[in-house]
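Asker: Generate coordinates for the sequence data below:
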Amino acid sequence: MTAEQHFFIQILTDHVHGRPSVPETDSLNWEKVYYYAQEQALPGLVYVQTKDFFKNHKDIAPDIEAKLHQGFYSDVYLYANRRAEFQAFARQCREVPMILMKGIALQEYYPVPALRSMGDIDVVIHTEDREKTDRVMLENGYSKMVNNHAVWTYDKDYIEFEIHDHMFYEYLANEIDYRSYFDQIWDHISPVEGEENIYIPDEEFHFLFLITHLAKHITNKGIGFRGFLDLTFMIKREGRQMDWKWIESELEKLKLLDFTKTCFALCRKWFDLEMPIETGALDPDFYSQVTAKMFNDGMFGLENEQNEAAHAAKEIKRSKDSYWISAAKLTIHRLFPPYRDMQLVPWYSFVDGRPWLLPFAWVYRWFYTATHKFKQSKDLLTEPFAKRKAIEKRENLIRGWGL
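Answerer: Coordinates of the predicted model:
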């Protein structure tokens with residue numbers, strides 16, 4: 001790791017333990033520290049941790065201090081604005097039960113809630129309440145995007161809602177039906193004090209979701225440090241009251257216990273905090289590889305070219321066959337996507353509820369890609385064969401996580 005990366009992890013560790021952050025060297029590249037703060041969506045947190053240092057060293061990187069300060073005020077403004085917008089939405093939908101999840105529920109575990117940045121407001125509703133919430137969002141001037149049955153996205157003026165009627169809807173690199181498992185969410189909620197229709201998940205069930213959500217991002221593209229801070233602050237705040245025996249038994253069912261132990265080992269290494277499930281020692285090479293990838297991935301790994309074969313690796317990892325048979329199956333799958341996948345794509349929504357139209361969707365898809373996206377489509381079909389080394393490297397990384 002570079003000195004800047006070491007210091008960035010020190011900043012996170014110091015925040016966990018409630019102490020200010022002071023760099024160990026005067027030759028730090030503060031531009032790089034600021035870059036990591038932006039990429040990890042934590043500028044406000046970095047500002048709070050370093051503001052005393054900058055106050056005592058006014059000649060060091062004043063431009064970076066100003067940028068971090070601006071990021072802090074942005075985090076505070078967005079925190080207040082998003083909370084107010086959600087409260088207004090909830091009041092207009094008093095008859096609709098809503099469960100808060102991810103960022104908006106996790107912020108309260110942080111020492112300063114506003115410093116847990118979030119890109120959107122995640123809410124779970126019953127499917128039968130879709131029309132009511134949709135009408136309210138559109139009346140409030142939000143634009144709507146539906147690219148998945150399970151989550152409808154609404155956007156207006158830097159505020160984004162994701163309204164889910166299924167808490168989880170993706171597949172990981174195994175055969176577990178996580179969607180059905182997390183549809184139990186309504187049996188694991190508690191009301192928010194003073195609110196008649198707003199609920200939060202019980203800590204144990206929310207923890208299981210957060211671990212599965214982490215596994216999803218790591219299997220797909222990647223994720224930054226914030227997801228691990230979420231686990232750390234939840235455990236620091238509520239860990240002693242949580243039923244870890246029940247959690248371990250559920251993690252076994254979800255095939256995520258080994259993965260959880262890996263996550264906990266990393267949290268212990270990064271943040272110097274004991275975790276509630278015993279973990280083994282981290283392999284030094286794996287630790288170095290993962291930490292470097294976290295910095296390269298940023299918040300969700302969307303810009304990291306190392307992730308280009310992530311989807312192929314995920315699908316081949318799920319397969320029980322040899323590499324070449326798995327690669328051939330993936331190519332056939334991409335030529336003839338199943339109804340399960342096609343019904344979720346907006347361009348082929350005409351198959352939704354009409355699986356017999358699937359062959360027509362395939363023909364339409366072939367014609368469109370051949371005339372508009374020929375090279376990308378050809379590269380996608382040949383990827384399992386042309387990028388075997390990259391896929392196998394990615395597969396090994398997934399296994400290293402315990403997935």
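
Asker: The nearest residue to Gln241 once chain neighbours are set aside: neighbouring residues, count only.
Answerer: By the measure of CB to CB, 6 or more residues apart in numbering, the closest residue to Gln241 outside its immediate chain neighbours is Glu203, 7.2 Å from it. The C-beta positions use only the backbone N, C-alpha and C, and glycine is treated the same way. The number of residues packed around Glu203, counting by other CB atoms under 10 Å, is 20.

Asker: and Glu203, how far is that from Phe233?
Answerer: Glu203 sits at a distance of 12 Å from Phe233 (criterion: CB to CB, to the nearest Å).

Asker: For the residue lying closest to Leu335 once chain neighbours are set aside, I want the exact helix or strand it lies within.
Answerer: Excluding the flanking residues, the one nearest Leu335 by CB to CB, 6+ apart is Leu381, at 7.0 Å. Assignment of secondary structure by DSSP states H and E places Leu381 within helix 374-386.

Asker: likewise Leu172?
Answerer: Secondary structure from DSSP H and E places Leu172 outside every helix and strand.

Asker: And for Lys67?
Answerer: Secondary structure here is read from DSSP H and E; on that basis Lys67 sits in helix 62-92.

Asker: CA atoms only for the very next helix or strand once past that helix, dumped as CSV, please.
Answerer: If you walk from helix 62-92 toward the C-terminus, the next helix or strand you reach (DSSP H and E) is strand 98-101. Once side chains and other backbone atoms are set aside, the C-alpha atoms of strand 98-101 remain, and they are given as CSV (Å, rounded to 0.1, in the frame of the first residue of the first chain):
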residue,chain,number,x,y,z
MET,A,98,-42.7,0.9,4.6
ILE,A,99,-39.4,-0.7,5.7
LEU,A,100,-36.3,1.4,5.7
MET,A,101,-33.2,-0.5,4.6
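
Asker: As a quick check, tell me the outermost residue of this structure.
Answerer: In the chain, Asp59 marks the outermost C-alpha relative to the chain mean, sitting 37.7 Å out by CA atoms, centre = their mean.

Asker: quick one: that residue from Ala3, how far?
Answerer: Here Asp59 is placed at a distance of 19 Å from Ala3 (CB to CB).

Asker: Kindly report the same for Tyr171.
Answerer: Here Tyr171 is placed at a distance of 40 Å from Ala3 (CB to CB).

Asker: Same check on Glu383?
Answerer: Applying CB to CB, the value for Glu383 to Ala3 is 37 Å.

Asker: Those two: which is more packed in?
Answerer: Regarding Glu383 and Ala3, a neighbour count based on other CB under 10 Å identifies Glu383 as having more, with 20 against 15.

Asker: so how far is the helix or strand containing Ile332 from its chain's centroid?
Answerer: Secondary structure assigned from DSSP H and E places Ile332 in helix 323-335. Chain-centre distance of helix 323-335: 27 Å, with CA atoms, centre = their mean, to the nearest Å.

Asker: quick one, that helix and helix 374-386 angle?
Answerer: Between helix 323-335 and helix 374-386, the angle formed by their directions is 160 degrees, by axes from the mean of the first three to the mean of the last three CA atoms, to 10 degrees.

Asker: which stretches of this structure have low pLDDT?
Answerer: Within the chain, the stretches falling below the threshold (pLDDT under 70) are 147-148, 299-314, 316-319, 344.

Asker: could you pull out the strands for it?
Answerer: Counting by DSSP state E, one finds strands in the chain at the ranges 98-101, 121-124, 143-146, 151-156, 159-164, 189-191, 198-201.

Asker: will you turn those strands into a markdown table that also has mean neighbour count and distance to Ile398?
Answerer: Conversion of the strands of the chain to a markdown table gives the following (neighbours: other CB atoms under 10 Å; distance: least, CB to CB, whole Å):
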| stretch | mean neighbour count | distance to Ile398 |
| --- | --- | --- |
| strand 98-101 | 24 | 25 |
| strand 121-124 | 22 | 25 |
| strand 143-146 | 12 | 29 |
| strand 151-156 | 18 | 24 |
| strand 159-164 | 20 | 25 |
| strand 189-191 | 14 | 32 |
| strand 198-201 | 21 | 27 |
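
Asker: can you put those strands in JSON lines and add distance to Glu248?
Answerer: Formatted as JSON lines, the entries for the strands of the chain read as follows, by distance: least, CB to CB, whole Å:
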{"stretch": "strand 98-101", "distance to Glu248": "22"}
{"stretch": "strand 121-124", "distance to Glu248": "25"}
{"stretch": "strand 143-146", "distance to Glu248": "37"}
{"stretch": "strand 151-156", "distance to Glu248": "29"}
{"stretch": "strand 159-164", "distance to Glu248": "27"}
{"stretch": "strand 189-191", "distance to Glu248": "22"}
{"stretch": "strand 198-201", "distance to Glu248": "18"}
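
Asker: Show me the one of the ones you listed that comes nearest Leu45.
Answerer: strand 121-124 (19.6 Å; CB to CB).

Asker: Can you list the helices and strands that that closest one packs against?
Answerer: helix 62-92, strand 98-101, helix 103-106, strand 159-164 (3 or more CB pairs under 8 Å, 6 or more residues apart in numbering; DSSP states H and E).

Asker: before we move on, the earlier item: dump the helix holding Ile332 to PDB, restricted to CA.
Answerer: These are the backbone C-alpha positions of helix 323-335, laid out as PDB (Å, rounded to 0.1, in the frame of the first residue of the first chain):
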ATOM      1  CA  TYR A 323     -14.500 -24.700 -17.500                       C
ATOM      2  CA  TRP A 324     -15.100 -25.400 -21.200                       C
ATOM      3  CA  ILE A 325     -18.500 -26.900 -20.700                       C
ATOM      4  CA  SER A 326     -19.400 -24.000 -18.400                       C
ATOM      5  CA  ALA A 327     -18.200 -21.500 -21.000                       C
ATOM      6  CA  ALA A 328     -20.200 -23.100 -23.800                       C
ATOM      7  CA  LYS A 329     -23.300 -23.100 -21.500                       C
ATOM      8  CA  LEU A 330     -22.800 -19.400 -20.800                       C
ATOM      9  CA  THR A 331     -22.500 -18.600 -24.500                       C
ATOM     10  CA  ILE A 332     -25.700 -20.400 -25.200                       C
ATOM     11  CA  HIS A 333     -27.300 -18.600 -22.200                       C
ATOM     12  CA  ARG A 334     -26.300 -15.300 -23.700                       C
ATOM     13  CA  LEU A 335     -27.700 -16.300 -27.100                       C
END
